[in-house]
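In: I need the structure of the sequence given here:
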Amino acid sequence: MNAPPSLVPPDELVGEALGRLAAVSHGAGHPEWIPPAVPVCAERLKLAIRRAELDRGEALTVALLLAVECDASVARMVAAVQAPVAGARVLAGLAASLFANEQVSVAGLWASRGVAAGLIAWGDETAPLPERSLFMPPWIAAALSGFTALPPGVSDLTQPQVLLTGAARELAAVHARSLAGENPVLVVRAHCPAEGEAMARAIAGAAGLEPCCVADVEAPGLATWLAVMARLPVIHRSAAPGEPIDLTSLDLLGAPLIVIAGSDGQILSARWRCEWRAAMPDESEREELWRGWGLAATDASAAAIRYRHSAGRIGELGRGLAANATKASLDGIAGVMKASGGRIDALARRAGADVHREDVVLPAELGESLRRLIDRILLRNRIHENLGSTIAARYKPGVRALFTGDSGTGKTLAVHWLAREAGLPLYRVDLAALTSKWIGETEKNLSQLLDAAEQGDVMLFFDEADALFGARTDVSDAHDRYANSQTNFLLQRIEDYEGVAILATNSRDRFDPAFVRRFDMVLEFPLPDAPARRRLWDCHLGDRHSVSSQRLDRLAAAVDLTGGHVRNVVLAASARARAQSRLIESADLDAAIVEEYAKLGRTAPSLPSG
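Out: Below you'll find the predicted structure:
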């Protein structure tokens, strides 16, 4: 509990209420009782009374209830005056008799403004109203006494620190001015809860308030407590695309409200409301944030250019640098990113293979196309600069590419190399976990995935993506209509995606043509020719084998397997050789080749001797 501010012992109202109690006590033959100087926070008490619009009698009743909660001698005197009927709680009949000159009555207290404001609460005794007890909720009593006791369902903000840009802080001050309206709802749209709470803190700070999380609004007097404590309530809500965020139960809370929501969900509320959507910081703003987390100017500039991170993700990485005692540098950021992709870790699987260019056997033209794709990824934040207004008006920095080709032609290996060259964590999307038979669930899962991927600035890899992004069909029943509406949603969502997504399929024809148009690049991975197959054998075998170069030349010419199948052959041959503690020999490769063809349902070619 914090130290009480500006206590006045006693307040005028409290003094008068206790004086009435002392007079009744003396008239009943009790020894003379000198009312104690009960310290209360006069400013807060006056604010509560003024806010609830209490008349003089109700205000005196509230003052007496406050004194009972704050001083044991007052509680004992109340018990003595009411003996033998009840204990130390003020009965409604006693309050009515003490303040009869102010027209206080039992029935009037039952329907009083003090009850509506939560300053007066009725006990649950099974007794007539005059013999029912009155009390003040403890969190209200603590507040009016100058202390802090959080009501049920209220807590302090718990999300970790996030730095905001100067532009965001200016916007927070603009939104803070709207709090002067008639209890508005401010909807903060942020992918990252920590960034949302940082935005809420900025709004509250600009308004001279302190934010607090509210999970339950049933606590009596919550609005009064918020007002006297200068607190701004904050709630977290999220919804899938098309789902409502129903705030109608909060409309009766007589206090301004901040709702931290994700990117989706329609707000349902009768209150006036406005929205503030967290913007992706531009390059100069990202540099500002990185410098705030301790990076030198050169590294901060390089990180701002290379990574497209939100303020929330930059805060997460900055905290990771500090927690791991890692030097605040560009290399340090890359190390923290390898350890965690943020919220995406709960939605997709990390793929961490360290693939180099020499590990990927591709035709020269395809290799050049992949290099251009890497440039597109690295320059995605700048390529629209100094171009025409039509591009600038609609430009989104997302990069989407489609890899097509037979299984084993190197698509997955190329994606790993792309991620390494671009310096982005790679996440492979589990389509089985993403799709659902329930209407709307697939869209919800994909939306959450893409939001988290944008927040973490990672590379998403959709393998066999035609299962999710397949072509639309002719409508013959409700299932077709839903399937097509799902495809339409995916089409729009992937176009709006501002991260890097690589989709792979064995057949381009399985994709909806509208999807193909939205890809920045479509790359065809061909079956390897003989020279390419020769390089594949070298890449997979290494130099720890006894197979001659001439023999490998002949195998490359005769065995028309893709890179993935060559990998399987080499692993099977290695198992045979290691079981006998020797190097791989030609016979091991021959046996493994026959087995691999059998797996494919094909007859192995005649293998060259030697």
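
In: all strands in the stretch 451-600 of the chain, in order from the N-terminus.
Out: Assigned by DSSP state E, counting those that start in this stretch, the strands in the stretch 451-600 of the chain fall at 459-462, 500-505, 521-524.

In: could I get those strands as JSON lines with mean neighbour count?
Out: For the C-beta atoms, the positions are set from N, CA and C on the backbone; glycine is no exception. Formatted as JSON lines, these follow (neighbours: other C-beta atoms under 10 Å):
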{"stretch": "strand 459-462", "mean neighbour count": "25"}
{"stretch": "strand 500-505", "mean neighbour count": "24"}
{"stretch": "strand 521-524", "mean neighbour count": "16"}
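
In: So which bits of stretch 286-295 are buried?
Out: Buried residues in stretch 286-295, counted by 16 or more other C-beta atoms under 10 Å: 286, 287, 288, 289, 290, 291, 292, 293, 295.

In: Correction: the previous question concerned stretch 537-550.
Out: For stretch 537-550, a neighbour-count test (16+ other C-beta under 10 Å) marks 537, 539, 540, 541, 545, 547 as buried.

In: list the contacts for residue 96?
Out: 104, 105, 106, 109, 130 (C-beta atoms under 8 Å, 6 or more residues apart in numbering).

In: related to what we said a few turns ago, any idea which of the strands of the stretch 451-600 of the chain gets closest to residue 258?
Out: strand 459-462 (31.2 Å; C-beta to C-beta).

In: That closest one: partners in the sheet, and parallel or antiparallel?
Out: Here strand 459-462 has these sheet partners by DSSP bridges: strand 426-428 (parallel), strand 500-505 (parallel).

In: how much space between the nearest residue to residue 399 once chain neighbours are set aside and residue 63?
Out: Distance criterion C-beta to C-beta, 6 or more residues apart in numbering; nearest residue to residue 399, sequence neighbours excluded, is residue 500 at 4.7 Å. Residue 500 sits 64 Å away from residue 63, going by C-beta to C-beta, to the nearest Å.

In: next one: residue 117
Out: Separation of residue 117 from residue 63 (C-beta to C-beta): 14 Å.

In: Comparing the two, which shows the higher neighbour count?
Out: Set residue 117 next to residue 63 and count neighbours by other C-beta atoms under 10 Å: residue 63 wins out with 27 against 24.

In: Go ahead and confirm the more buried one touches residue 16.
Out: Yes: at 7.4 Å, residue 63 counts as touching residue 16 under the criterion of C-beta atoms under 8 Å.

In: Dump the contacts of residue 96 to TSV, plus neighbour count.
Out: Shown next, in TSV, are the contacts of residue 96 (neighbours: other C-beta under 10 Å):
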residue	neighbour count
104	21
105	17
106	18
109	24
130	17
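
In: Residue 333: what's it in contact with?
Out: Taking C-beta under 8 Å, 6+ apart as the criterion, residue 333 is in contact with 295, 303, 307, 317, 321.

In: picking up where we left off before, residue 41: which of the buried residues of stretch 286-295 is nearest?
Out: Looking across those and measuring by C-beta to C-beta, the closest to residue 41 is residue 292, at 37.1 Å.

In: quick one, what contacts that closest one?
Out: Listed by C-beta under 8 Å, 6+ apart, the contact partners of residue 292 are 163, 318.

In: Quick check on it: phi, psi?
Out: Per-residue torsions, residue 292: phi -60, psi -30 (degrees, to the nearest 10).

In: quick one on the thing from earlier: restricted to helices, list the contacts of residue 333.
Out: Taking DSSP state H as the definition of helices, the contacts of residue 333 contribute 303, 317, 321.

In: doesn't residue 417 make contact with residue 502?
Out: No: using C-beta under 8 Å, residue 502 is not in contact with residue 417, being 11.2 Å away.

In: Show me the strands in the stretch 101-250 of the chain, by range?
Out: Secondary structure of the stretch 101-250 of the chain (DSSP E, counting those that start in this stretch): strands at 121-122, 133-135, 154-155, 185-189, 210-214, 231-236, 244-246.

In: of the ones you listed, which approaches residue 270 most closely?
Out: Ranking those by proximity to residue 270 (C-beta to C-beta) places strand 185-189 first, at 9.6 Å.

In: got the CA coordinates for that closest one in CSV?
Out: Output of strand 185-189 as CSV, limited to C-alpha atoms (Å, rounded to 0.1, in the frame of the first residue of the first chain):
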residue,chain,number,x,y,z
VAL,A,185,-14.2,3.8,-25.8
LEU,A,186,-10.7,4.0,-27.3
VAL,A,187,-9.9,0.9,-29.4
VAL,A,188,-6.2,0.3,-29.7
ARG,A,189,-5.4,-2.1,-32.5
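
In: looking only at pLDDT, what's the mean for that strand?
Out: The pLDDT scores in strand 185-189 average 94.

In: quick check: angle from that strand to strand 231-236?
Out: Computed with axes from the mean of the first three to the mean of the last three C-alpha atoms, to 10 degrees, the direction of strand 185-189 lies at 50 degrees from that of strand 231-236.

In: Cool, thanks, signing off.
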